[in-house]
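**Student:** My questions concern the predicted model and sequence given below.
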Amino acid sequence: MGVNKRIILGIDPGYARVGYGIIVVTGGKISMVDCGVIETVASLDFEQRLKLIYTKLEYLLKTFKPNLVCYEDIFFYKNVKTGIAVSKALGAILLTIVQKNIPILNFTPLQIKQSLTGYGRADKRQMQKVIKMVLKLKEIPQPDDAADALAIAICGVGAKLLGYNL
């Protein structure tokens with residue numbers, strides 16, 4: 001009998017930086033496969049930035065073949081202009097994933113923090129320590145967007161337990 005292996009891609013949406021974190025779940029063991037950011041430069045037209053995000057995300061999907069993609073719901077309360085731009089980028093991200101017929105889950109920041117630390121108001125440092133411990137890493141993943149994406153992917157591991165039909 002083979003061991004059930006799942007690859008989960010976590011995404012921290014943005015338009016200047018999209019964090020990504022890829023984990024593999026084999027049996028009861030969780031390991032990091034890769035993490036990083038998709039960066040776009042401000043000098044590009046916004047449409048070209050979206051195209052760059054699409055192209056690089058498509059590459060990640062083809063390369064790592066995730067069984068599930070999880071992303072963080074965007075939450076803005078001050079800068080509406082930034083919120084709209086991130087929403088547009090998230091639309092490009094979701095379209096890229098949907099075209100590959102990969103299941104998608106989204107989580108609020110509160111759900112992610114509760115899932116990893118048991119406390120919905122955990123700070124960034126607490127979250128990073130948990131990520132390092134869960135993935136048995138020597139260092140906290142950098143940059144922060146990549147670490148956040150790993151947290152989102154880890155949150156996806158427990159999604160079945162939360163009642164999602166995966």
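**Tutor:** In hand now; what should we look at?
**Student:** wait, isn't Leu60 in contact with Tyr20?
**Tutor:** Yes - counting by C-beta atoms under 8 Å, Leu60 touches Tyr20, with 6.2 Å between them. (Glycine included, C-beta is placed from N, CA and C.)
**Student:** which neighbours do those two share?
**Tutor:** Leu9 (C-beta atoms under 8 Å, 6 or more residues apart in numbering).
**Student:** Of those two, which one has the most company?
**Tutor:** Using other C-beta atoms under 10 Å, the more surrounded residue of Leu60 and Tyr20 is Tyr20, with 27 against 20.
**Student:** who's in contact with the residue nearest to the more buried one when sequence neighbours are not counted?
**Tutor:** Spatially, and ignoring its direct neighbours in sequence, Tyr20 is nearest to Ala149 (4.9 Å; C-beta to C-beta, 6 or more residues apart in numbering). Counting by C-beta under 8 Å, 6+ apart, Ala149 makes contact with Gly10, Ile11, Asp12, Gly19, Tyr20, Gly21, Cys35.
**Student:** at 10 Å what do you get?
**Tutor:** 9-13, 18-23, 35-37, 70-72, 131, 141 (C-beta atoms under 10 Å, 6 or more residues apart in numbering).
**Student:** Okay, and it sits in which element?
**Tutor:** Here Ala149, judged by DSSP states H and E, is contained in helix 144-157.
**Student:** For that helix, give the mean pLDDT please.
**Tutor:** Helix 144-157 carries an average pLDDT of 95.
**Student:** Stretch 71-89 now?
**Tutor:** Per-residue scores along stretch 71-89 average to 84.
**Student:** chain center to that stretch, what's the gap?
**Tutor:** 15 Å (C-alpha atoms, centre = their mean, to the nearest Å).
**Student:** What is the end-to-end distance of that stretch?
**Tutor:** 12 Å (C-alpha to C-alpha, to the nearest Å).
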